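Enquirer: Pasting the sequence and the predicted coordinates here, then a few questions.
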Amino acid sequence: AKLVILISGRGSNMQSIVNAIQADKLNAEVAAVISNRPDAAGLDFARDAGITSETLDHKNFASREAFDQQLMDLIDKFEPNYVVLAGFMRILSAAFVQHYANRLINIHPSLLPKFKGMHTHKRAIEAGESEHGASVHFVTEELDAGPVILQAKVPVLEADTEETLAARVLVEEHKLYPDALRLLIEQHQS
Ligand code: GRF
């Protein structure tokens with residue numbers, strides 16, 4: 001399966017997918033990594049791994065719709081089976097989401113449907129949750145509300161801060177995203 005991965009920053013989830021492919025644990029190829037931020041650290045990793053890397057800076061566009069249209073044109077050149085959002089910090093328009101219906105995937109750092117949106121770790125601690133985690137899900141027009149493909153859970157500990165909890169969840173994210181993609185890809189092969 002061909003993947004295009006969208007990032008905005010560190011790109012550690014993108015790296016975990018690339019690593020899984022290189023270790024023959026995921027039957028896929030990354031056709032391109034695209035960032036909306038020119039300074040995203042993940043772009044360096046992708047370039048070093050020999051992966052086609054592109055930047056499309058949203059600041060150069062007058063509207064969300066104009067940016068999304070250009071992004072679609074760029075993505076479609078690579079003819080991906082799946083468009084994988086990995087720390088991509090932009091809300092996507094309805095036209096974009098519809099264009100990639102059933103092949104647009106995201107990872108969200110909470111046990112959806114709990115804690116949609118931002119600051120999930122802080123909110124989980126404040127809500128007194130004993131369990132927290134991450135979800136890989138299909139993207140639909142409603143933010144963080146599409147069908148869940150796979151989740152990973154971690155305990156919330158008494159001494160947790162936002163940072164320690166985020167780090168515990170991130171370790172699981174790095175296993176979860178390749179696992180979820182494998183599930184999708186294997187289903188479509190048989
Ligand atoms: C991850 O925790 C992801 O779930 C969230 O933003 C973070 C991105 O990290 N949406 P990275 O860029 O993949 O390292």
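Expert: Yep, that arrived.
Enquirer: Quick check: closest non-adjacent residue to the most centrally placed residue in the chain.
Expert: With distances taken as Cα atoms, centre = their mean, Ala86 lies nearest the centre of the chain, 2.4 Å away. Once flanking residues are discounted, Ala86 sits nearest to Asn13: 4.0 Å by Cβ to Cβ, 6 or more residues apart in numbering. The C-beta positions use only the backbone N, C-alpha and C, and glycine is treated the same way.
Enquirer: for Glu186, same thing?
Expert: Asn27 (7.7 Å).
Enquirer: coming back round to it: on contacts alone, who are the packing partners of the helix or strand the residue nearest to Ala86 falls within?
Expert: Asn13 belongs to helix 12-22 when assigned by DSSP states H and E. Counting contacts by 3 or more Cβ pairs under 8 Å, 6 or more residues apart in numbering; DSSP states H and E, helix 12-22 is packed against strand 2-7, strand 29-35, helix 41-48, helix 162-189.
Enquirer: List the buried residues for it?
Expert: The neighbour-count check on helix 12-22 (16 or more other Cβ atoms under 10 Å) flags 12-18, 20-21 as buried.
Enquirer: Stretch 21-41 too?
Expert: 21, 26, 28, 30-37, 40.
Enquirer: tell me the two of the residues you listed that are most distant?
Expert: Farthest pair in the buried residues of stretch 21-41 (Cβ to Cβ) is Leu26 and Arg37. Separation: 25.7 Å.
Enquirer: so where is the chain shaky, pLDDT-wise?
Expert: Applying pLDDT under 70 to the chain flags the ranges 190.
Enquirer: which parts of it sit against the ligand?
Expert: 7, 9-13, 86-87, 107-109, 134, 170, 173 (Cβ under 6 Å from any ligand atom).
Enquirer: repeat that for 5 Å
Expert: 9-13, 86-87, 107, 109 (Cβ under 5 Å from any ligand atom).
Enquirer: Tell me which two of these sit farthest apart.
Expert: Comparing all pairs in those by Cβ to Cβ, the longest separation belongs to Gly11 and Pro109, at 15.0 Å.
Enquirer: sorry, back to before: most neighbours per residue, which of the helices and strands packed on helix 12-22?
Expert: Neighbour counts (mean count of other Cβ atoms under 10 Å) averaged over each of those peak at strand 2-7, with a mean of 24.
Enquirer: Which neighbouring elements make contact with it?
Expert: With contacts taken as 3+ Cβ pairs under 8 Å, 6+ apart, strand 2-7 sits against helix 12-22, strand 29-35, strand 82-85.
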